[in-house]
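1. sequence below, structure please.
(one chain, ligands or ions: 1)
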Amino acid sequence: MSEAYPTLFSPVTLGPMTLRNRIAMAPLTRQMAHADGTPTDEMAAYYARRARGGLGLIITEGTYEQEAFQSRAYLSQPGIANAAHVAGWRPVCEAVHAHGAKIVIQLMHGGRVSDPRVLGGAPPVSASATQSGGWTLYTDNDYEKGIRNIQGAWPKVTFGQARALTVEEIHAVADGFAAGAKRAVEAGADGVEVHGANGYLLWQFITPKTNLRTDEFGGSPENNVRFARLVGERIRAAIGPDKAIILRLSQDGVDDFTGAWPGGTAYAKAVGKALAGSDYDALHWASFNYLDNRFADDPTPMPTVIRRASGLPVITNGGIADGAQAEAALTSGAGDMVAIGRPIFAHPDWPYIVRSGVPYPWLDFDRKYVVQPPLDFGLAYPTGLVDPGWPLP
Ligand SMILES: Cc1cc2nc3c(=O)[nH]c(=O)nc-3n(C[C@H](O)[C@H](O)[C@H](O)COP(=O)(O)O)c2cc1C
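-> Coordinates of the predicted model:
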């Protein structure tokens, strides 16, 4: 056990899954799959490299779980929607396990912010008939612009008018998540994470701004969360008690980076409470700063609010850059585990380096987001290994 960060490097149990430490890799979309959604060898190497760095858990990039209902959100996004996808994920899971880490596949449905290029002319689906205001590709600083040779304003991605799912379709989509989860387990995953965050379909139900429904799937925190609970229930029925199911939540969306739940902390409490006793083994709070809750009345960090209200273990994420910050997130009660995104992407040996106590020149990040190859040069980050003499498992 590390002397410096004893909590961070202690094991943790999330439902049926016990992890060697409390460091998860946050889900990071890379668009590295084949055009048909089959994972590539490059993906196996990428995840294995980070598992080798000492992580407890890898949460994969958002993966579409079904071909139906415009689930797919990105070009070159991986899927777990058919047998070829299962065969593609198998070497990824094996490679991660070979390095002593566990892996859950993040299941996501893009909803109203699915890239129109993957929808083939069909309207996107959502909680209600709304239209996203779109989002700006990548970051927006001059340096980024210069290296991409972009003149004027940053290109904006726009989306069509969404149509509302019927109640019957909501059940069918939940069944699609369950079938995807079953395939994930078949591929060797230790469980799944359901993406209920960051502006995608389940977020569009949970967030009152985009859920205008008046049936049992809208109109109150409990109703807004009902679809996410249903997805958890159908997945549990499909994969049984031995595999983990995590639900990711956030205020932000890819098209709403300063998102705040109307109703403030009270709404967050109600969401947490509505998830108590659900089929989820843990919740995962996504943010660019885990400490922020954006409400003047009560400064309690949002993951702490959700953890208390739900009684479930929480993975906390956002802006955690080094070991001291990770340890503080855990000991302050903001989570049972931390998820590290951009730092692990850039420094695959982050856990090893942190555990060594060696001072390290971590990179700074701006809000790097998803762009299409060939503009994306994300894998070119430095990957220098500092060996602290921590034996490989
Ligand atoms: C390039 C990139 C891709 C991302 N892809 C996903 C994704 O597929 N699913 C998801 O839930 N969050 C995704 N996120 C959000 C991250 O998981 C995380 O919440 C965010 O980077 C903040 O954490 P950090 O400060 O540790 O990087 C992505 C973020 C970035 C920068």
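
2. from here on, just use CA atoms for contacts and neighbour counts.
-> Fine.

3. and the helices in the stretch 51-200 of the chain, which stretches?
-> For the stretch 51-200 of the chain, helices defined by DSSP state H, counting those that start in this stretch occupy the ranges 83-98, 116-119, 142-147, 167-186.

4. list the contacts for Leu283?
-> For Leu283, the set of contacting residues under the criterion of Cα atoms under 8 Å, 6 or more residues apart in numbering consists of 246-249, 307, 312-315.

5. quick one: neighbours of Gly121, just the number.
-> Other residues within reach of Gly121 by the criterion other Cα atoms under 10 Å amount to 9.

6. let me fix that, I meant to ask about Pro359.
-> Summarising burial for Pro359: neighbours were counted as other Cα under 10 Å, giving 9.

7. related to what we said a few turns ago, of the contacts of Leu283, which is the nearest to Ile170?
-> Compare each of the contacts of Leu283 with Ile170 using Cα to Cα and the shortest gap goes to Leu247, at 17.3 Å.

8. sorry, back to before: got the helices of the stretch 51-200 of the chain as JSON lines, with mean pLDDT columns?
-> Conversion of these to JSON lines gives the following (pLDDT from 0 to 100):
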{"stretch": "helix 83-98", "mean pLDDT": "97"}
{"stretch": "helix 116-119", "mean pLDDT": "85"}
{"stretch": "helix 142-147", "mean pLDDT": "69"}
{"stretch": "helix 167-186", "mean pLDDT": "98"}
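
9. how about Ile235, secondary structure?
-> For Ile235, the secondary-structure state derived from DSSP: H, G, I helix; E, B strand; the rest coil is helix.

10. can you pull out the strands in the stretch 201-350 of the chain?
-> Assigned by DSSP state E, counting those that start in this stretch, the strands in the stretch 201-350 of the chain fall at 244-253, 282-286, 314-317, 337-340.

11. give me the buried positions along the first one.
-> Residues of strand 244-253 classed as buried under the neighbour-count rule (16 or more other Cα atoms under 10 Å) are 244-253.

12. wait, which of the residues you listed is closest to the ligand?
-> Distance to the ligand across those (Cα to the nearest ligand atom) is lowest for Arg248, with 6.8 Å.

13. tell me who's in contact with the closest one.
-> Applying Cα under 8 Å, 6+ apart, the residues near Arg248 are 193-197, 283-286.

14. please name the residues that touch the residue nearest to it when sequence neighbours are not counted.
-> Counting by Cα to Cα, 6 or more residues apart in numbering, the nearest residue to Arg248 once its immediate chain neighbours are dropped is His284, at 4.4 Å. Contacts of His284 were listed using Cα under 8 Å, 6+ apart, and they are 246-249, 314-317.
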